[in-house]
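In: Sharing a model that was predicted from the sequence below.
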Amino acid sequence: MSGTLRIDRVVTSGVFQLDGGTWEVENNVWLVGDDDQVVIIDAAHDAESITEAVGSRTVVAVVCTHGHNDHVTAAPRLAKECYAPVLLHPGDEKLWQQSHPDEKFWPATDEQRIAVAGTELRVIHTPGHSPGSICLHLPEAGVLFTGDTLFSGGPGATGRSFSDFPTIISSIRERLLTMPGDTRVHTGHGDGTTIATEAPHLDEWIARGH
């Protein structure tokens, strides 16, 4: 590895659109890499801010944790400018088509490894918030990027098209809460958390049903 592994966050602002509604949102864009290489996680809203944070580094891939427009806004543009593939789980193709009907992506599949800066991000399929939602595990750093699957305080929203509450609960229980408690959770919006902080509240989430 040519440099120290680091994780950078870029916060961007824009509009989330689905089912005829619009909401102003702030998104976390995560950059994982070193001084030479980087993976972009969730190319949200503002391509300029993201490319500024990338700098002169080679972009290995633009990975989308799911297909909602606020997480893929700038993905095709960044892919073209950085000569990098866009990776998205095929389960979210319908959502992708709503935003980018003329653009293609490469499939991100469960247990796929994405090599960057001498380490690997592991793809974990966690449907529920959307059919193709994924999380990305970086064991070397003890970090999990959860997109909109798991937040500080509970699971992501499941009240809109293509989402399902029992499915997201199963994904979190079976794929995420089995990780070490000190795993740091970097979310798609807002502040992060840890697995140990969230795990004791699973039954509460189920009881309230959202």
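Out: That came through fine.
In: Low-confidence stretches in the chain?
Out: 1-2, 210 (pLDDT under 70).
In: Please repeat the previous calculation with a cut-off of 80.
Out: Applying pLDDT under 80 to the chain flags residues 1-3, 210.
In: Sketch out the helices for it, chain order is fine.
Out: 47-54, 69-72, 75-82, 93-99, 165-171, 195-198, 202-208 (DSSP state H).
In: Let me have the ones you listed in TSV, extended by distance to residue 137.
Out: Using the backbone N, CA and C atoms, a C-beta is placed for each residue, glycine as well. Output for the helices of the chain, formatted as TSV (distance: least, C-beta to C-beta, whole Å):
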stretch	distance to residue 137
helix 47-54	22
helix 69-72	18
helix 75-82	21
helix 93-99	23
helix 165-171	13
helix 195-198	11
helix 202-208	19
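In: Pick the most deeply packed of these.
Out: Across the helices of the chain, averaging neighbours per residue (mean count of other C-beta atoms under 10 Å) puts helix 69-72 on top, at a mean of 25.
In: Does that helix pack against any helices or strands, and if so which?
Out: strand 6-18, strand 21-33, helix 93-99 (3 or more C-beta pairs under 8 Å, 6 or more residues apart in numbering; DSSP states H and E).
In: what lines up beside the first one in the sheet?
Out: Each strand paired with strand 6-18, and its direction, by DSSP bridges: strand 21-33 (antiparallel).
In: Now do the strand it pairs with and helix 47-54, the angle between them.
Out: 20 degrees (axes from the mean of the first three to the mean of the last three C-alpha atoms, to 10 degrees).
In: Which among the helices and strands packed on helix 69-72 is found nearest to residue 106?
Out: Closest to residue 106 of these is helix 93-99 (C-beta to C-beta; 11.6 Å).
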